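1. Can you look at this prediction? I've put the sequence above it.
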Amino acid sequence: MCRWIAYSGETIPLSHYVTEPRHSLVSQSIKALESTAATNGDGFGLGWYGEHVEPGLYREIRPAWSDENLRYLCHHLRSHLFFAHVRAATGTPVVRPNCHPFACGRWMFMHNGFVGCWMQIRRRIECLIPDAVYPSRLGTTDSEALFLAIVGNGIEIDPVAATSRVLASVVEMIADADDRQSLRFTAAMSDGETLYAFRYAFNDSANTLYYKDSIKGIVVVSEPLDGDAAMWRVVPENHVLIARKSAAPQIVELDITRPNRIPVVA
């Protein structure tokens with residue numbers, strides 16, 4: 001599965017977490033330690049907030065380790081809130097619109113996970129995206145569809161509640177299509193002010209998610225950047241981490257109604 005990092009805090013160069021650590025995101029693109037896919041070479045992306053309300057994006061279909069521009073960009077780009085993502089595709093094409101992060105207005109999103117029965121329920125999920133938001137659908141991934149469904153279902157009012165509603169709907173769709181299929185949703189989302197990091201799964205174990213908090217800021221990662229998990233805190237399954245400016249991070253349990261059925265065990 002994919003690997004990602006999200007940072008919020010003092011303005012720093014992106015290189016501080018993307019390229020410099022011993023087990024940086026670029027290193028994880030070559031050899032991830034806590035992923036079902038050891039190599040994440042199906043493209044990568046950066047997203048950051050600066051002087052504009054909308055985030056900046058740089059996405060590329062080459063592996064992160066082979067893009068000579070990445071080191072220079074990360075060294076010179078500085079931000080108080082940024083995302084970085086290396087992709088391991090799960091069935092959709094390796095094209096730039098399918099690389100994370102995704103953006104819609106001031107919101108930015110990236111995902112590590114899987115939607116079971118995607119081809120069977122894709123149209124139903126896309127129907128969760130309102131007409132006003134659908135023009136932002138540029139790629140074909142399940143990740144982007146989930147993001148835009150969340151954007152269109154109350155993200156400005158309550159991002160956590162909007163996400164929970166969409167996930168509950170998708171869980172119901174998966175269960176209707178095939179009780180043996182699963183949903184894994186480990187995702188980061190931000191409006192440039194607050195960082196939300198979700199860890200959730202249905203019919204499966206959730207993908208890993210860690211964080212480290214200091215007076216300078218918080219970094220949330222798929223796996224530790226120094227290879228030492230003991231120095232990092234785990235985001236519990238079925239919870240969301242909320243990091244607001246000048247406030248301690250909160251860990252909140254997700255309220256997602258699951259189908260009233262017993263999954264079939266293979």
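-> Arrived safely.

2. By residue count, which strand of this protein is the longest?
-> strand 3-13 (DSSP state E).

3. Show the average pLDDT along it.
-> Mean pLDDT, strand 3-13: 95.

4. Which strands border that strand, and is each parallel or antiparallel?
-> Within its sheet, strand 3-13 is paired with strand 78-86 (antiparallel), strand 217-221 (antiparallel), according to DSSP bridges.

5. which residue ranges form the helices in the protein?
-> 15-18, 25-30, 68-76, 118-126, 142-151, 159-177 (DSSP state H).

6. Show me what the first one packs onto, helices and strands only.
-> For helix 15-18, the helices and strands in contact under the criterion 3 or more C-beta pairs under 8 Å, 6 or more residues apart in numbering; DSSP states H and E are strand 3-13, helix 25-30, helix 68-76. Backbone N, C-alpha and C define where each C-beta goes, glycine included.

7. Mind putting these into a markdown table with distance to residue 188 and mean neighbour count?
-> Shown next, in a markdown table, are the helices and strands packed on helix 15-18 (distance: least, C-beta to C-beta, whole Å; neighbours: other C-beta atoms under 10 Å):
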| stretch | distance to residue 188 | mean neighbour count |
| --- | --- | --- |
| strand 3-13 | 4 | 22 |
| helix 25-30 | 13 | 23 |
| helix 68-76 | 18 | 15 |
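
8. residues of stretch 193-202 that come out buried?
-> Neighbour-count burial for stretch 193-202, with 16 or more other C-beta atoms under 10 Å as criterion, is recorded at 195-202.

9. Mind exporting the C-alpha coordinates of it to PDB?
-> Output of stretch 193-202 as PDB, limited to C-alpha atoms (Å, rounded to 0.1, in the frame of the first residue of the first chain):
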ATOM      1  CA  GLU A 193      -5.600  25.400   9.100                       C
ATOM      2  CA  THR A 194      -6.400  22.100  10.700                       C
ATOM      3  CA  LEU A 195      -4.900  18.700  10.000                       C
ATOM      4  CA  TYR A 196      -7.100  15.600  10.200                       C
ATOM      5  CA  ALA A 197      -5.600  12.100  10.000                       C
ATOM      6  CA  PHE A 198      -8.000   9.100   9.900                       C
ATOM      7  CA  ARG A 199      -7.300   5.400  10.600                       C
ATOM      8  CA  TYR A 200     -10.300   3.100   9.900                       C
ATOM      9  CA  ALA A 201     -11.000  -0.300   8.400                       C
ATOM     10  CA  PHE A 202     -14.000  -2.500   7.800                       C
END
